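[1] Pasting the sequence and the predicted coordinates here, then a few questions.
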Amino acid sequence: MTPRKLAFIVAALAFGLVACDSSDDPIDSGTASDSGVATDGDVPTDSDVPTDADVPTDADVPTDSGVVTDSAVTGDATTAAVGCEGMPATDLCFLREEEKLARDVYITLYESSGIRVFDNISRAEQSHTDSVLAILVARGIPDPVTDDTVGVFMNSVLDTLYTDLTTSGMMGDTEALLVGATIEDLDIHDIDMMETRTTDAEVLAMYAVLKCGSRNHMRSFISQLDRAGETYTPVYISPADFEAIISSPRESCGG
């Protein structure tokens, strides 16, 4: 195993411990980077309009020590801020920053690799985090994003993840695309778990749209990896679910 691949796996595992689209969400007009990663221009843009988002399960989010605990989401003071207590508020507050994490990682990887899919999906993630914000505002829940600068997070776990994921992704085009696939893999898994923690119809509708978008994002990254002769093995969703996603056409997710 090369040092580059090993470093990526370490970062992917760290991300696993922690722990879509709209009509104006053009995911896949991807152009190749100078290194020759294939474009994805034959894939239509997404038409999914998100209204909410995804948060990791209690089992997916570590404490700052890196040890997974059931209280990691609800017990982390940087996540369960005043006004974010209880479900689905805690999930929504974490989700607001988790969607920002995806956006920020993709912005950074686009700047380093020039692979267009990262630019397109970063704009999709912006719409996702904005949708979560709209729900927070409507319900009087405080916004955990007090500084929208790329790479800045109130949650210390997400702050560390940003550094780990971008460091791995900047090692090369393959590593960058693997980071993207891992993020979407985890997002789908997280939304599955979040759906079990609320009966709120509005929130559930948002989760459904965002999960649809994440499936489209997954298809985009896997298509790029396939064309580069690389493969991705799912870490969070089941192999059966993964195969069902990548073997089916892109979806119009609606809103």
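    Perfect, thanks for sending it.

[2] Just give the number of residues close to the closest residue to residue 225 other than its chain neighbours.
    Excluding its sequence neighbours, the residue lying closest to residue 225 (C-beta to C-beta, 6 or more residues apart in numbering) is residue 177, at 5.1 Å. Quick note: C-beta positions are derived from backbone N, CA and C, even for glycine. A count of nearby residues for residue 177, using other C-beta atoms under 10 Å, gives 28.

[3] Then residue 196?
    8.

[4] ok, it - contacts?
    Residue 196 is in contact with no residue at all, counting by C-beta atoms under 8 Å, 6 or more residues apart in numbering.

[5] Residue 88 versus that one, what's the distance?
    Shown here: residue 196 relative to residue 88, a distance of 11 Å by C-beta to C-beta, to the nearest Å.

[6] cool, residue 249 as well?
    Following C-beta to C-beta, the distance that separates residue 249 from residue 88 is 31 Å.

[7] So these two - more neighbours on which side?
    Between residue 249 and residue 88, residue 88 has the larger neighbour count (other C-beta under 10 Å), namely 23 against 9.

[8] Against residue 151, how distant is the closest residue to that one other than its chain neighbours?
    Excluding the flanking residues, the one nearest residue 88 by C-beta to C-beta, 6+ apart is residue 198, at 4.3 Å. Noted for residue 198: a distance of 30 Å to residue 151, by C-beta to C-beta.

[9] got it, and residue 114?
    Per C-beta to C-beta, residue 114 is found 19 Å from residue 151.
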